[in-house]
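Let me see the structure of the following:
(one chain, ligands or ions: 1)
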Amino acid sequence: MQITDRVNSISESVTLKLNSKAVALSEQGRHIFNLTAGQLPYRPLSDFSDLISSELDFLKSYQYSPVPGFPALREKFIKNVEKTRDINFEANGVDVDCVVTNGGKHAIANVLGTLINPGDEVVLLAPYWVSYPAIIKFCHGTPVPVQSNIFDVYTPSIDDIRAAITPKTKVIIVNSPNNPSGVHYSDEWMNEFGELMKEFPEIGIISDEIYYQLYYFDPKPTFFYQRHPELLKRTVIVDGISKTLASTGLRIGYMIGPKNVCQAASKLQGQTTSGANSLIQRALINFDFDKTDDYLEPIKIHLRENSRVIVETLKEYKLSTAWYQCTSAFYFLLDFTHTPCIERYRKDKDDQTDYAAEICEEILDELGIAIVPGGDFGAPNTARISLVSPKEQFTEAIGKLCEFLAR
Ligand SMILES: Cc1ncc(COP(=O)(O)O)c(C=O)c1O
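Next comes the predicted model:
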């Protein structure tokens, strides 16, 4: 059977490719430091797993949920977002709704599938999450990346975003806290971004806030719509339980936005995946989200400590152009551009080729450390390091890695 151009155009996940090589090496008996994880290695709160157990006795937990999710849970997600982001949809004239989805990724696919016509452009702020361009292309849209680099602490400039907007721009995706940079954009940036968006009333905004609670350095993340609530009318907020409840496998996310967008997304969901997991939705209806902060506290301490390990080790090896302070999510984006190791690859000093995949492969073969090349995140010659490993192993791996970079 012939595979469609649509699916053929999707590139395979680099993370998975590297992971499988790391697994193969470890099966051959090699000790591998796997720093590719996109999930927390912790059990979720026992209050939450107890609620899941108690819902096991009910027939409804095994039956279809309403397509957009159980009304009580949708209401609860909306109230929780209003409370934690300090906003009020009704007061700002937004007829708001929520669709519970099979994870945050599915929420993004639903929104893009609902809003993107063939030929529409979607502005992405690089570095961006790998799945955005793949989903946009699947919808026959065009991703338009806006670059940034380590010297801007991976925050694209407002002028560059303005320059990327054309009459074809349909949507802009903002992901703060960010995967893969592990930073959240400043309040000042959010304010200016909001001002910019007011100049373009036709553009919709997706705010991917899946790492919202996972910041380990103040100030806490803020959003453009807090300073400019009139933008809520054309913003879709995406969040879920994957990261903050350490529950990536339970597949529950959600989108909150204008009712007409949610209703259309729900229609799409109804003919593709149906409603999300009933058992988990029912458990979440009774879960007290206020408990998440306490649950995350020790996790944040761990992430903060590992972020310090990276920064201090890079400084120790005098790799001053490779460090910045990451503050949120659980990643650090390592920039090879100004480190001695890249010189072994470059053909001459003007060579701008992206060598990250080769460098990461050499790092895996030689040091047994798995990290993810940044090309697919729109960040050539970088690699994403996950901060979630135990501190001792992490410190050992980062020491070896920095020695390699400085060589
Ligand atoms: C930025 C970003 N958005 C969305 C998601 C999707 O999360 P989920 O596992 O809930 O689909 C991820 C997962 O890694 C992510 O990093």
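
ok, Arg162 - contacts?
196, 199 (Cβ atoms under 8 Å, 6 or more residues apart in numbering). Glycine gets a C-beta too; all of them are placed from N, C-alpha and C.

secondary structure element for it?
helix 158-164 (DSSP states H and E).

Check Val261 too.
Going by DSSP H and E, Val261 is in helix 259-272.

List the buried residues of that helix.
261-262, 264-266, 268-269 (16 or more other Cβ atoms under 10 Å).

With stretch 113-127 instead?
In terms of neighbour count (16+ other Cβ under 10 Å), stretch 113-127 has its buried residues at 113-116, 120-127.

What ranges does the stretch 151-300 of the chain have for its strands?
Using DSSP state E, counting those that start in this stretch, the strands found in the stretch 151-300 of the chain span residues 169-175, 204-208, 235-240, 253-258.

got those as JSON lines, with mean neighbour count and mean pLDDT columns?
Formatted as JSON lines, the strands of the stretch 151-300 of the chain follow (neighbours: other Cβ atoms under 10 Å; pLDDT from 0 to 100):
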{"stretch": "strand 169-175", "mean neighbour count": "22", "mean pLDDT": "98"}
{"stretch": "strand 204-208", "mean neighbour count": "24", "mean pLDDT": "98"}
{"stretch": "strand 235-240", "mean neighbour count": "25", "mean pLDDT": "98"}
{"stretch": "strand 253-258", "mean neighbour count": "26", "mean pLDDT": "98"}
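
With distance to the ligand added, can I get those in TSV?
Shown next, in TSV, are the strands of the stretch 151-300 of the chain (distance: least, Cβ to the nearest ligand atom, whole Å):
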stretch	distance to the ligand
strand 169-175	5
strand 204-208	5
strand 235-240	4
strand 253-258	4
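
for these, which one sits closest to Val372?
strand 169-175 (16.3 Å; Cβ to Cβ).

Neighbouring strands of the closest one in the sheet, and parallel or not?
Strand 169-175 sits in its sheet next to strand 121-125 (parallel), strand 204-208 (parallel), going by DSSP bridges.

would you turn these into CSV with distance to Glu90?
Conversion of these to CSV gives the following (distance: least, Cβ to Cβ, whole Å):
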stretch, distance to Glu90
strand 121-125, 29
strand 204-208, 19
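
Next up, the contacts around Pro180.
Pro180 neighbours (Cβ under 8 Å, 6+ apart): 127, 129, 331, 333, 372, 374, 377, 379, 382, 384.

ugh, wrong one, Ile10
134, 137-138.

is it true that it lies in a helix?
No - counting by DSSP: H, G, I helix; E, B strand; the rest coil, one finds Ile10 to be coil, located in no helix.

so after the worst-scoring helix or strand of the chain on mean pLDDT, what's the next helix or strand?
Here the helix or strand of the chain ranked lowest by mean pLDDT, DSSP states H and E is helix 14-27, holding a mean of 82. Scanning forward in sequence from helix 14-27 by DSSP H and E, the next helix or strand is strand 33-34.

on that earlier part again, give me the subset of the contacts of Ile10 lying in helices.
Filtering those for membership in helices, criterion DSSP state H, returns 134, 137-138.

any chance of the residues you listed in TSV, plus pLDDT and neighbour count?
Shown next, in TSV, are the ones in helices among the contacts of Ile10 (pLDDT from 0 to 100; neighbours: other Cβ atoms under 10 Å):
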residue	pLDDT	neighbour count
Ala134	94	17
Lys137	94	17
Phe138	94	18
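
Thanks a lot, catch you later.
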